[in-house]
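**Student:** model the following, please.
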Amino acid sequence: MKYKLKNCWLCCWLLLSSAAVAQERCISLVTSAGGQSFWGQVRQAAQATAAEMQLPLHARGPARDGDTQTQLELIERMLKFNCRVLIVAPSGPEVGVRMAQLRAQGVTGLYIDRDLDDGAVLASIATDNYGAGRQAGREMARALGGQGSVALLRLSPQVASTSSRERGFHDGARDAGLRIAVDRYLPLSDSQAMFALGEELRAVDGLFTPSEATTLEMLATLRRLGLAGKRAHIGFDASPILVDALERGELVGLMVQQPSQIGVESVIRAHRVLDGDLEGPRQVRLPAVYVNKDNFDDETVRRLLMP
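**Tutor:** Below you'll find the predicted structure:
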């Protein structure tokens, strides 16, 4: 009887252990700004790649970029899935602190779109954000004939990716001979302050916005003021509204990332981690593509704009 009871407990333990292993072989993904077109493409590509690999993937994202607190809450919710790999687009250094704690607890982290350079994760897969911003500065100078004043409109000091783009634009525009007359963070949650800023932009020749959200908000403000298309505006990322604005001449250009590739590469790397492979580059950097009226109809560019 004791022998049978002992065997029964052993069977139960083996079943529970195998269930735990199966549960751990999954991926959690916490993006940023869940409603934006860019992040929708990242999630779709990640989900499709995970499905091909027969890996469970659980994905969530806050509604607003730079919302660190909500992102931290989402990370805690995702921990209930007990996945061995957690992919995050960190909204601030506080996220890095939590990722370091989780790494010590056996959860392997990967950053996407941005890198905190904090040693909290195994690797990061992102756009070459500084290079993209610097190219945007050079393209702005080309659009303005190498002279004039511009506005650098920033998102948030908490967001590493846009901060790198902003720094790149500052350096690229200045080195190309432009004067940065306005340099400030956008008051996205204050419509009156946005309108007042729009009025201030009457005095500049061009402006740069470093993300999909900032580009959409600034485009809407310029439209209300009747300035859309009357100032050289270079934005970031592609959505149906922004592509339409580019076609209409309200934007002179867009720096377009490769969101689908970011999603694919992150899941491939996560799969390797689950297989015990912790080797590979610490940083994977993908180039952004500058899109304007000259290359808008190029087949490769069209695939980026309308995946």
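
**Student:** what residue is smack in the middle of the chain?
**Tutor:** When C-alpha atoms, centre = their mean is applied to the chain, the residue found nearest the centroid is residue 113 (4.1 Å).

**Student:** and residue 28, backbone torsions?
**Tutor:** phi -110, psi 140 (degrees, to the nearest 10).

**Student:** what about the closest residue to it other than its chain neighbours, which helix or strand?
**Tutor:** The shortest distance from residue 28 to any non-neighbouring residue, by C-beta to C-beta, 6 or more residues apart in numbering, is to residue 78 (4.0 Å). Every residue, glycine included, has its C-beta placed from N, CA and C. In this assignment (DSSP states H and E), residue 78 forms part of helix 68-78.

**Student:** and that helix, what's buried?
**Tutor:** Within helix 68-78, the residues that count as buried by 16 or more other C-beta atoms under 10 Å are 68, 70-72, 74-75, 78.

**Student:** which residues sit against it?
**Tutor:** The contact list for helix 68-78 (C-beta atoms under 8 Å, 6 or more residues apart in numbering) reads 28, 30, 32, 58, 60-64, 86, 88, 90-92, 94-95, 98, 158.

**Student:** ok, then the element right after it?
**Tutor:** Next along the chain after helix 68-78, taking DSSP H and E as the criterion, comes strand 85-88.

**Student:** tell me the gap between that next one and the middle of its chain.
**Tutor:** Distance of strand 85-88 from its chain centroid, counting by C-alpha atoms, centre = their mean, to the nearest Å, is 14 Å.

**Student:** elements contacting that strand?
**Tutor:** Using 3 or more C-beta pairs under 8 Å, 6 or more residues apart in numbering; DSSP states H and E as the contact test, the elements touching strand 85-88 are strand 27-30, helix 68-78, helix 93-104, strand 108-112, helix 259-274.

**Student:** so for the second one, mean pLDDT?
**Tutor:** Spelled out, it's helix 68-78. In this model, helix 68-78 has a mean pLDDT of 95.

**Student:** to residue 249, which of the helices and strands packed on strand 85-88 lies closest?
**Tutor:** Evaluated over these, closeness to residue 249 peaks at helix 259-274, with 25.1 Å, by C-beta to C-beta.

**Student:** contacting residues around the closest one?
**Tutor:** For helix 259-274, the surrounding residues in contact (C-beta under 8 Å, 6+ apart) are 25, 27, 29, 38-39, 41-47, 49-50, 53, 55, 57, 84-85, 87, 108, 110, 112-113, 122-123, 125-127, 280, 284, 286, 307.

**Student:** after it comes which helix or strand?
**Tutor:** strand 283-286.

**Student:** what comes up buried for that following strand?
**Tutor:** Neighbour-count burial for strand 283-286 flags 284, 286 (criterion: 16+ other C-beta under 10 Å).

**Student:** swap in stretch 37-49?
**Tutor:** By 16+ other C-beta under 10 Å, the buried positions in stretch 37-49 come out as 37-43, 45-47, 49.

**Student:** just the CA trace of stretch 128-147, in PDB.
**Tutor:** Extracted as PDB, the C-alpha positions of stretch 128-147 are listed here (Å, rounded to 0.1, in the frame of the first residue of the first chain):
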ATOM      1  CA  ASP A 128      19.500  52.600 -35.300                       C
ATOM      2  CA  ASN A 129      17.700  55.500 -33.600                       C
ATOM      3  CA  TYR A 130      20.600  58.000 -33.400                       C
ATOM      4  CA  GLY A 131      21.500  57.300 -37.100                       C
ATOM      5  CA  ALA A 132      17.900  57.700 -38.100                       C
ATOM      6  CA  GLY A 133      17.700  61.100 -36.300                       C
ATOM      7  CA  ARG A 134      21.000  62.200 -37.800                       C
ATOM      8  CA  GLN A 135      19.800  61.300 -41.300                       C
ATOM      9  CA  ALA A 136      16.500  63.200 -40.700                       C
ATOM     10  CA  GLY A 137      18.600  66.300 -39.800                       C
ATOM     11  CA  ARG A 138      20.600  66.000 -43.100                       C
ATOM     12  CA  GLU A 139      17.400  65.500 -45.100                       C
ATOM     13  CA  MET A 140      15.900  68.600 -43.400                       C
ATOM     14  CA  ALA A 141      18.900  70.600 -44.500                       C
ATOM     15  CA  ARG A 142      18.500  69.300 -48.000                       C
ATOM     16  CA  ALA A 143      14.800  70.200 -48.100                       C
ATOM     17  CA  LEU A 144      15.600  73.800 -46.900                       C
ATOM     18  CA  GLY A 145      18.600  74.300 -49.200                       C
ATOM     19  CA  GLY A 146      21.100  74.100 -46.400                       C
ATOM     20  CA  GLN A 147      19.900  77.100 -44.400                       C
END
